[in-house]
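**Q** Here is a sequence together with a model predicted from it:
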Amino acid sequence: MGQCSLILCQRYEYYFIKEPKTWDEAQHYCRDRYKDLATVPNMKYLETLYTDSTEYQGNAWIGLYSISGKENRRWHWSLPGVEFNDKDMKWRAEQSKSLHFIDSQKVWREAQSYCREHHTDLASGAEQLKEAVSKFKSSDKTRSWIGLFRDTWRWSDGSNYSYRHWRDVEKLILINESKNWEEAVNYCRKHHLDLVSITSLEQQELVQERAKNASTSHIWLGLRYSCALDLWFWVNDQLVCYKNWADETDTGDCNLAVAMETRGEHKWFKKNDTDMFNFICSLS
């Protein structure tokens, strides 16, 4: 967490601190002078946070951080106020709300965003789950999303709030045609926007969902090696911060691009750019 940014501290309300710091420095600052880095338990608090920071247009730290490793993932319900208890495997909700069955195919995060925009949230908790099963029986679909998810994210103050409000990730389309890397780039730029770039875990998760329907063992990503500069770069000029390499060994080959495996752990592999794979284009 070496990047510097402004910070948001929490006491009984939000305090906006105009001092650029790394996340660790921001956490120590807030704990010394207030309570902790800001926690956002639901949409109401998020709106308050936006209101308190309207004078500054930019990025600011909050208290959400991730502990890497599958063993650190925890189960949550998407709807704030509904708790998942992994000790007795019972779900309990504050109240049951009317459910609406949406006959539309989406990945999980898209479904969550849709429900939050048009209704309240994805079905969450024992009572809603029972109601969802009852409604689901009347449809001809074999699968449907509910609001249960797990992640490695924690709040700095130790609270267990499950509310997440990730920035909308770019729209993607899988192209089930085998092309080399240059051909994939040209195709995406001609018909859509560009070959997909992955700069966060959220984007990685969305891309790997699309990749599951590919007809090749790997799909091309918009990441290529430059011999002249001796570095990897994304076609959209984003910095290579997030990484998901299968290995870090150098091959010494200047004609390298990156392909992600379509099964397994969806790791990134360094491939010769003349190899033929399916690929994913970004639409926005």
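**A** Cool, the structure landed.
**Q** could you pull out the helices for the stretch 1-150 of the chain?
**A** Assigned by DSSP state H, counting those that start in this stretch, the stretch 1-150 of the chain shows helices spanning 23-33, 43-52, 108-118, 126-136.
**Q** Output those as JSON lines; include the columns mean neighbour count, mean pLDDT and distance to residue 187.
**A** The way it works is simple: take the backbone N, C-alpha and C, and place the C-beta from them, glycine included. As requested, the helices of the stretch 1-150 of the chain are arranged in JSON lines below (neighbours: other Cβ atoms under 10 Å; pLDDT from 0 to 100; distance: least, Cβ to Cβ, whole Å):
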{"stretch": "helix 23-33", "mean neighbour count": "17", "mean pLDDT": "93", "distance to residue 187": "39"}
{"stretch": "helix 43-52", "mean neighbour count": "14", "mean pLDDT": "78", "distance to residue 187": "39"}
{"stretch": "helix 108-118", "mean neighbour count": "16", "mean pLDDT": "81", "distance to residue 187": "24"}
{"stretch": "helix 126-136", "mean neighbour count": "16", "mean pLDDT": "70", "distance to residue 187": "39"}
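**Q** Can you add distance to residue 162 and give the ones you listed back as JSON lines?
**A** Formatted as JSON lines, those follow (distance: least, Cβ to Cβ, whole Å):
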{"stretch": "helix 23-33", "distance to residue 162": "21"}
{"stretch": "helix 43-52", "distance to residue 162": "13"}
{"stretch": "helix 108-118", "distance to residue 162": "11"}
{"stretch": "helix 126-136", "distance to residue 162": "14"}
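**Q** Between the ones you listed, which one is closest to residue 261.
**A** Comparing the helices of the stretch 1-150 of the chain by their distance to residue 261 (Cβ to Cβ), the top pick is helix 108-118, with 20.6 Å.
**Q** gap between the spatially closest residue to residue 104 that is not a sequence neighbour and residue 213?
**A** Once flanking residues are discounted, residue 104 sits nearest to residue 114: 7.6 Å by Cβ to Cβ, 6 or more residues apart in numbering. As judged by Cβ to Cβ, to the nearest Å, residue 114 and residue 213 stand 20 Å apart.
**Q** burial measure for residue 67, as a count.
**A** For residue 67, the neighbour count with other Cβ atoms under 10 Å is 12.
**Q** I figured it hits residue 154, correct?
**A** Yes: applying Cβ atoms under 8 Å as the test, residue 67 and residue 154 come out as touching, 6.2 Å apart.
**Q** Could you give me the buried positions within stretch 194-212?
**A** 194-198, 201-211 (16 or more other Cβ atoms under 10 Å).
**Q** Which members of these occur in strands, if any?
**A** Among the buried residues of stretch 194-212, the members falling in strands (DSSP state E) are 194-195.
**Q** quick one: least confident of the buried residues of stretch 194-212?
**A** In terms of pLDDT, the weakest of the buried residues of stretch 194-212 is residue 202, which scores 78.
**Q** could you measure it against residue 282, distance?
**A** Relative to residue 282, and taking Cβ to Cβ, residue 202 is found at 14 Å.
**Q** got a list of what residue 154 touches?
**A** By Cβ atoms under 8 Å, 6 or more residues apart in numbering, residue 154 lies in contact with 64-67.
**Q** buried subset of those residues?
**A** In the contacts of residue 154, the ones that pass as buried (16+ other Cβ under 10 Å) are 64-65.
**Q** Closest one to residue 226 out of the contacts of residue 154, please.
**A** For residue 226, the nearest member of these is residue 66. The distance, counting by Cβ to Cβ, is 29.7 Å.
**Q** hey, what's the closest one bridged with?
**A** residue 153 (DSSP bridges).
**Q** Surely it is in contact with residue 152?
**A** Yes: counting by Cβ under 8 Å, residue 66 touches residue 152, with 4.7 Å between them.
**Q** unless I'm mixing things up, residue 81 is touching residue 44, no?
**A** No: taking contacts as Cβ under 8 Å, residue 81 lies outside contact range of residue 44: 11.1 Å.
**Q** thinking again about what came up before, and the residue nearest to residue 104, what does it touch?
**A** 102, 104, 106.
**Q** Highest neighbour count among these?
**A** residue 102 (15 neighbours).
**Q** Backbone dihedrals for that residue, both of them.
**A** phi -100, psi 110 (degrees, to the nearest 10).
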